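Peer 1: here is my input, please return the structure:
(one chain, ligands or ions: 2)
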Amino acid sequence: MRATFSGNGYKHSYSREADDCYNYSQTADHDVYYDANIALVETVAEDSDISWRDGRRIVELKHMADQMFCVKCSHPLHLSHIVDEKISGLGSFLHIQCPSPQCLYINTVTTGKRNEKGVFDINNKATIAMIHSGMGPTHLQNFLAACNIPPPNQSTIIRREKEMSKSLLSQAKQSCDRARDKEKNSTESTSMEASFDAAWQTRGSGCQYNSNTGHSSMIGPNKDKVIDFDYRTRLCSICTHHFSRRETVPAHVCNSNWEG
Ligand SMILES: [Zn+2]
Ligand SMILES: [Zn+2]
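Peer 2: Ligands and ions are numbered 1, 2, ... in the order given. Model (predicted):
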């Protein structure tokens, strides 16, 4: 139950009037999750049995429209003839039966483009969007579930994140190189000014220095772009997993770059 702060005779200077978004005293027409067939934090396995009739999907319309013909007899296909859906993250393979009585062939239609490894592009896009907007896998899942879009499970998102991490890092470094060149060219001086800041996760109180991660960035004053950055982390889920079981850690791409 949400708290209502209006009508108690106690007003702060920052209180809003009746249209305040925190004022829930007026009954809504429907619950905010009125069409949610999918539980908020429930994850969808790749072999989920969620019906294609449930919830929403993210589709590339042109990509789908081009496939809406039977591969055997070229008869147009109808979405209402879907017999099965196989969900793969945020993409789906729709098995659609040809409506022609002489054919009845079951065609496979994909909801979006896939890369050379067969991964739906939307899974990579959603992961990039998650990183770009400062969210984590749980936030992304909750966001999608609230939109009534079956969310991918966490391991799928983390796998995509790991796959893309090298490219993202390389792109970030190239971006810094370009910004540094622009910054150099914007001044006659042989030396370069920059503002620098660093932070770590547990800095809140100012006296905790046991954070697992830390990051820093340098910004050029003329172009206002990040010209360099660095980070330190002593966390690696693979190392932690094997250390806790006293096992030999297998060769892997290790996230940790700091000890101490
Ligand atoms: Zn057909
Ligand atoms: Zn490791």
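Peer 1: buried residues in stretch 100-116, which are they?
Peer 2: For stretch 100-116, burial by neighbour count (16 or more other C-beta atoms under 10 Å) applies to 103, 107, 109, 110, 111, 112, 114. Yep, even glycine has a C-beta here, placed from its N, CA and C like the rest.
Peer 1: look at that stretch and report the distance between its end residues.
Peer 2: Terminal residues of stretch 100-116 are spaced 33 Å apart (C-alpha to C-alpha, to the nearest Å).
Peer 1: now that stretch: mean pLDDT?
Peer 2: Per-residue pLDDT over stretch 100-116 has a mean of 95.
Peer 1: anything in it near ligand 1?
Peer 2: Yes. Counting by C-beta under 5 Å from the ion, ligand 1 is contacted by stretch 100-116 at 100, 103, 105.
Peer 1: and of the residues you listed, the nearest to residue 142?
Peer 2: Nearest to residue 142 among the residues of stretch 100-116 next to ligand 1, counting by C-beta to C-beta, is residue 105 at 39.6 Å.
Peer 1: quick one, what contacts the closest one?
Peer 2: Residues near residue 105 by C-beta atoms under 8 Å, 6 or more residues apart in numbering: 70, 71, 72, 73, 97, 98.
Peer 1: got a pLDDT number for the first one?
Peer 2: To tie it back to what came earlier, the one meant is residue 70. Residue 70 carries a pLDDT value of 96.
Peer 1: list phi and psi for residue 76.
Peer 2: Main-chain dihedrals, residue 76, degrees, to the nearest 10: phi -60, psi 140.
Peer 1: can you tell me how far it is from residue 221?
Peer 2: 60 Å (C-beta to C-beta, to the nearest Å).
Peer 1: can you name the element that comes right after the helix or strand hosting residue 63?
Peer 2: If you go by DSSP states H and E, residue 63 is part of helix 61-65. As assigned by DSSP H and E, the chain's next helix or strand after helix 61-65 is strand 82-88.
Peer 1: what helices and strands are in contact with whichever helix or strand comes after that next one?
Peer 2: Next helix or strand after strand 82-88 toward the C-terminus (DSSP H and E): strand 91-97. Using 3 or more C-beta pairs under 8 Å, 6 or more residues apart in numbering; DSSP states H and E, the elements in contact with strand 91-97 are strand 82-88, strand 106-110, helix 121-132.
Peer 1: redo these as TSV? Include distance to residue 188.
Peer 2: As requested, these are exported to TSV (distance: least, C-beta to C-beta, whole Å):
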stretch	distance to residue 188
strand 82-88	56
strand 106-110	56
helix 121-132	36
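Peer 1: dump the residue contacts of the residue nearest to residue 160 when sequence neighbours are not counted.
Peer 2: Distances taken as C-beta to C-beta, 6 or more residues apart in numbering put residue 127 closest to residue 160, at 4.1 Å, once the chain neighbours are dropped. By C-beta under 8 Å, 6+ apart, the residues touching residue 127 are 157, 160, 161, 164.
Peer 1: can you tell me which of those residues are buried?
Peer 2: 157, 160, 161.
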